[in-house]
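1. Model the structure of this input:
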Amino acid sequence: MKKIKVGIAGVRGLSTVMGLKAIEDVEIAAMCDLDEAHLEDAAKKIGVEKKYRVFDDMLESDIDAVVIATPMQCHVPQAIAAMEAGKHVMSEVTAGVTMDELFWLCESVEKYKRIYMYAENYIYTPQVQTVKNMVRKGLFGETYYAEGMYLHNTSSILTYPNGKRSWRTYWQDGVRGNFYPTHSLGPVMMWFPDDRVTEISCFSPGVRHPYGVKQDSGTTTMCRTEKGNLLSIRTDCTSPRPHNMDYYQLQGTKGVFRSKMYAGDRDLVSFVSETNPDHNMSWDDLENYYEDYMPERYKKAAEEQIHAGHGGGDFFIVEDFINAVRSGEQPELDVYRACEWTAVGLLSGISVTNNGYPMEVPHFRPHMPLEEKRVTL
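-> Numbers count the residues shown, from 1 in each chain. I've put the predicted structure just below:
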């Protein structure tokens, strides 16, 4: 089996390190970061000899693939440059920062025929994957409504330790709308097979914080899908509150799922059955369904795989990327899903600025006609 050499761009990409090291015949061969001190420290910790401050210089090395974990405004330029250089790409969220970037990204994947995988790791948590299997087995009946929330006060990282404003001040908290939708939207979309978001409207209470940036004090984006389902996606990165990494709810004709909301809470499910025809339902722990519905690879995961992060999710997402590179087949989290979910956030900025105006989400797919690569009102 040919060894696959991977380069990591950005020390934020260290979340993939344990996953990469746990896979046979994969080598972390290079690392790149503008901050030389951080680069030296990270490279020493993980044992990487080839270090670069210029991304294009790393692309000239003999790596086969890159993990892009740089600030979000760098994702598309670096992904395109990597594919042009013949490298496969795994990109952190979000996929891009403008709608035009998303169209360029799709075009580049098609032109250079390289693997592109979206590193939306929340999809790979054991809970999300278990519910995904339960949906496929029909336990929830027909799913028609879901909620996803990402509540994370990021005010402390608007500036760097040296006092300078960070990129987050501009590309995240410097814009309106849901700038970071996919940790909520991605997992939710796993529970609606063969569906896509077609229209969104975004609402907010405006700015109620003291940070001097445009980002709303929370946004709620309502998403309508091609099959008529409804999703509510909430993101709040400016309000004072404890960190809540994720919260999900799924409603179907035969059951409901509710994830834990706080420390000590539990993931819960409830189902209609012949023994409660009057729908006098009660909650049950999701863990009671792990044995029958959790994917086998999660149940058989080795300790080093589980410790990669997110209950093994950070290992399995990397494994799927490496398998895609080896097979030459695009992964489940391909460029079109990456762009659809990112577009929901980008279009939400226009919507919320115009009092929730409905925005059409383009149908990202192979070889989109040129006339569809636009934003319409």
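2. for this structure, what helix or strand is lowest in average pLDDT?
-> Among the helices and strands of the chain, helix 303-306 carries the lowest confidence by mean pLDDT, DSSP states H and E, at a mean of 82.
3. Name the residues of that helix that are buried.
-> 305, 306 (16 or more other Cβ atoms under 10 Å). Backbone N, C-alpha and C define where each C-beta goes, glycine included.
4. In terms of secondary structure, what does it contact?
-> Secondary-structure packing of helix 303-306 (3 or more Cβ pairs under 8 Å, 6 or more residues apart in numbering; DSSP states H and E): helix 17-21, helix 313-327.
5. could you point out which element follows the longest helix anywhere in the chain?
-> Counting by DSSP state H, the longest helix found in the chain is helix 335-353. Remark: after helix 335-353, the chain's next helix or strand is strand 359-360, criterion DSSP states H and E.
6. hmm, back to that, pick out the shakiest of the helices and strands packed on helix 303-306, pLDDT-wise.
-> Lowest mean pLDDT within those: helix 17-21, at a mean of 91.
7. hang on, the earlier thing: switch the helices and strands packed on helix 303-306 over to a markdown table; also include mean neighbour count and distance to residue 30.
-> Listed next are the helices and strands packed on helix 303-306 as a markdown table, based on neighbours: other Cβ atoms under 10 Å; distance: least, Cβ to Cβ, whole Å:
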| stretch | mean neighbour count | distance to residue 30 |
| --- | --- | --- |
| helix 17-21 | 21 | 12 |
| helix 313-327 | 22 | 16 |
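8. Quick one: closest of those to residue 91.
-> helix 313-327 (10.3 Å; Cβ to Cβ).
9. Show me the contact partners of that closest one.
-> 1, 4, 15-16, 18-20, 22-23, 26, 64-65, 88, 90, 115, 117, 119-126, 129, 297-298, 301, 304-306, 308-309, 330-333 (Cβ atoms under 8 Å, 6 or more residues apart in numbering).
10. Now, the residues you listed that are in helices?
-> 18, 19, 20, 126, 129, 297, 298, 304, 305, 306.
11. Kindly reformat the helices and strands packed on helix 303-306 as TSV and extend each row with distance to residue 262.
-> Formatted as TSV, the helices and strands packed on helix 303-306 follow (distance: least, Cβ to Cβ, whole Å):
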stretch	distance to residue 262
helix 17-21	27
helix 313-327	21
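12. So, low pLDDT: which residues of the chain?
-> 12-13, 276-278 (pLDDT under 70).
13. Around residue 288, count how many other residues there are.
-> 9 (other Cβ atoms under 10 Å).
14. same question but for residue 61, I mixed them up
-> 15.
15. swap in the one 4 residues further on?
-> Using other Cβ under 10 Å, residue 65 has 24 other residues around it.
16. Can you give me every residue that contacts the residue lying closest to residue 158 once chain neighbours are set aside?
-> Counting by Cβ to Cβ, 6 or more residues apart in numbering, residue 158 lies nearest to residue 169, which is 4.9 Å off, once chain neighbours are set aside. Remark: with contacts taken as Cβ under 8 Å, 6+ apart, residue 169 is in contact with 158, 159, 213.
17. Could you pull up phi and psi at the second one?
-> The phi/psi pair for residue 159 (degrees, to the nearest 10) reads phi -130, psi 150.
18. ok, it touching residue 167?
-> No. Counting by Cβ atoms under 8 Å, residue 159 stays clear of residue 167, with 10.8 Å between them.
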